[in-house]
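Colleague: Task: produce atomic coordinates for the following.
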Amino acid sequence: MSLAVASRYANALADVVLDSKNGVEPASALASLRSLEQIIQESKALHHALLSPAVTVAQKHRVMGRLCDGLPVHLLVRNFIFIVVRNRRANLFPLICETLERLLEERQGLSRAQVTSAATLSDASRASLEAQLSRLTGKRIRCNYSVNPDLLGGMVARIGSTVYDGSVRGQLEGLRRKLVVGG
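Modeller: Sure thing, here's the model as predicted:
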């Protein structure tokens with residue numbers, strides 16, 4: 001239920017920030033929301049105040065307004081924050097941010113890849129890999145990298161539900177399966 005609600009809010013904000021007439025930079029809007037989310041997460045008092053029915057909406061708006069004044073927050077994003085607070089959905093800020101980031105990436109033709117390699121990749125290797133994955137998918141790719149020495153060599157890239165396994169471990173496993181089936 002909360003994911004569906006967060007998705008509606010994130011979709012609405014994505015519509016606004018991707019409309020070039022509004023003058024909002026999508027990356028800036030997301031960064032502002034992330035900064036605000038972090039402040040709320042770090043302050044238990046603020047978190048409780050935003051969730052408390054004993055604190056009036058006007059008081060919550062004043063506090064959020066002061067926070068927004070301290071950050072570079074576009075007026076449209078600020079108004080969005082006020083709507084979220086007014087509708088008592090402040091507890092959904094983390095989900096809204098996560099969903100907004102995914103939506104912005106999708107709408108801008110960007111995909112995320114999780115790349116696991118046996119050793120740390122050089123910057124040149126990373127750039128080459130991202131270019132190859134972009135050619136394969138037809139989308140711009142943003143990679144998150146991790147290291148797993150158990151792969152023995154090579155790497156595994158996961159984009160959504162598609163896995164590209166170029167690891168030595170994966171090749172050995174494939175060879176083992178062929179031998180078992182063939183024998």
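Colleague: Low-confidence stretches in this structure?
Modeller: By pLDDT under 70, the low-scoring segments of the chain are 182-183.
Colleague: Strands of that one, start to end?
Modeller: With strands called from DSSP state E, the chain shows them at 110-117, 140-147, 155-159, 162-165.
Colleague: between those strands, which gets nearest to Arg86?
Modeller: strand 110-117 (31.6 Å; CB to CB). Glycine gets a C-beta too; all of them are placed from N, C-alpha and C.
Colleague: buried set for that closest one?
Modeller: For strand 110-117, burial by neighbour count (16 or more other CB atoms under 10 Å) applies to 111-113, 115-117.
Colleague: Pull that strand out as PDB, backbone CA atoms only.
Modeller: Extracted C-alpha coordinates of strand 110-117, given in PDB (Å, rounded to 0.1, in the frame of the first residue of the first chain):
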ATOM      1  CA  LEU A 110      18.900   5.600 -18.400                       C
ATOM      2  CA  SER A 111      19.200   2.100 -16.900                       C
ATOM      3  CA  ARG A 112      21.100   0.900 -13.900                       C
ATOM      4  CA  ALA A 113      23.500  -2.100 -14.000                       C
ATOM      5  CA  GLN A 114      24.900  -3.900 -11.000                       C
ATOM      6  CA  VAL A 115      28.400  -5.000 -12.000                       C
ATOM      7  CA  THR A 116      30.300  -7.500  -9.800                       C
ATOM      8  CA  SER A 117      33.900  -8.200 -10.800                       C
END
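Colleague: list the helices and strands it packs on?
Modeller: Secondary-structure packing of strand 110-117 (3 or more CB pairs under 8 Å, 6 or more residues apart in numbering; DSSP states H and E): helix 123-137, strand 140-147, strand 155-159.
Colleague: Sounds good, over and out.
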